[in-house]
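> Okay, here's the prediction I keep looking at, along with the sequence it came from:
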Amino acid sequence: HSFLHDALPISYSIAFEKYVDGLVAHLVEERGVVNKTIVEVGCGKGYFLEKLCSKANNQGIGFDPSYVGPNTKLDGRLSFVRDFYGPGHSDLRADTVVCRHAIEHIPHPMTMLRSVRSALSASRYAKVYFETPSLDWILDNQVIWDFFYEHCSYFSMATLAYAFELAGFRTEEVM
């Protein structure tokens, strides 16, 4: 048992680990998320944010009221706040905001998006990256088991772009 446990990545899924590494590489190499202050909304255990900070000398602040773990990591370059990210954090200058697989769990996603937009009032040029299951992909591939009770919302590419624009963001790309 200890050999298997030691051989697996922290996510316990080699496929998921490769996916996350590819996403980190995309943000760092193609989107220039290097030497930045990153806020992660709904950071969970901080796994993704820690990878993003380790890869490109970034600083990170993870927001999640349910976060369990140390308050800081990476010699203080990574910290965690047990709270929702919103207007009360507008004094925090962020270069990049990421949110992975949280918006679909929020009963009022527009409230969340407007709150994130308001929190970025001091960060006019911040880049925002959200990841959520694609309704287009689910329907095109007839993957009905991706519909489950924990998801309050599903977004097509068009509705996701529209939601961001309604919240005051300028959408550059939806993929």
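Received the coordinates, thanks.
> Give me the pLDDT for residue 135.
With respect to pLDDT, residue 135 has a value of 89.
> who's in contact with the spatially most central residue of the chain?
In the chain, the residue lying closest to the centroid (Cα atoms, centre = their mean) is residue 99, at 2.1 Å. Shown in contact with residue 99 (Cβ atoms under 8 Å, 6 or more residues apart in numbering): 40-42, 116, 128-131. Where you see a C-beta, it was placed from the backbone N, CA and C, and this is true even at glycine.
> For ChimeraX, write a command that selects the buried ones of these.
Command for ChimeraX, covering only those of the contacts of residue 99 found buried under the criterion 16 or more other Cβ atoms under 10 Å:
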select :40,41,42,116,128,129,130
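> could I get the contacts of residue 99 as JSON lines with pLDDT?
Putting the contacts of residue 99 into JSON lines (pLDDT from 0 to 100) gives the following:
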{"residue": "40", "pLDDT": "95"}
{"residue": "41", "pLDDT": "95"}
{"residue": "42", "pLDDT": "94"}
{"residue": "116", "pLDDT": "92"}
{"residue": "128", "pLDDT": "93"}
{"residue": "129", "pLDDT": "94"}
{"residue": "130", "pLDDT": "93"}
{"residue": "131", "pLDDT": "91"}
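> Is it possible to get JSON lines of the contacts of residue 99 that adds secondary structure?
Converted to JSON lines, the contacts of residue 99 look like this (DSSP: H, G, I helix; E, B strand; the rest coil):
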{"residue": "40", "secondary structure": "strand"}
{"residue": "41", "secondary structure": "strand"}
{"residue": "42", "secondary structure": "coil"}
{"residue": "116", "secondary structure": "helix"}
{"residue": "128", "secondary structure": "strand"}
{"residue": "129", "secondary structure": "strand"}
{"residue": "130", "secondary structure": "strand"}
{"residue": "131", "secondary structure": "strand"}
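> ok, the contacts of residue 99 vs residue 21, which is closest?
Nearest to residue 21, judged by Cβ to Cβ, of the contacts of residue 99 is residue 131 at 14.5 Å.
> Can you give me the separation between the closest residue to that closest one other than its chain neighbours and residue 142?
Of all residues beyond its chain neighbours, the one nearest residue 131 is residue 100 (4.5 Å), with distances taken as Cβ to Cβ, 6 or more residues apart in numbering. With distances taken as Cβ to Cβ, to the nearest Å, residue 100 is found 25 Å from residue 142.
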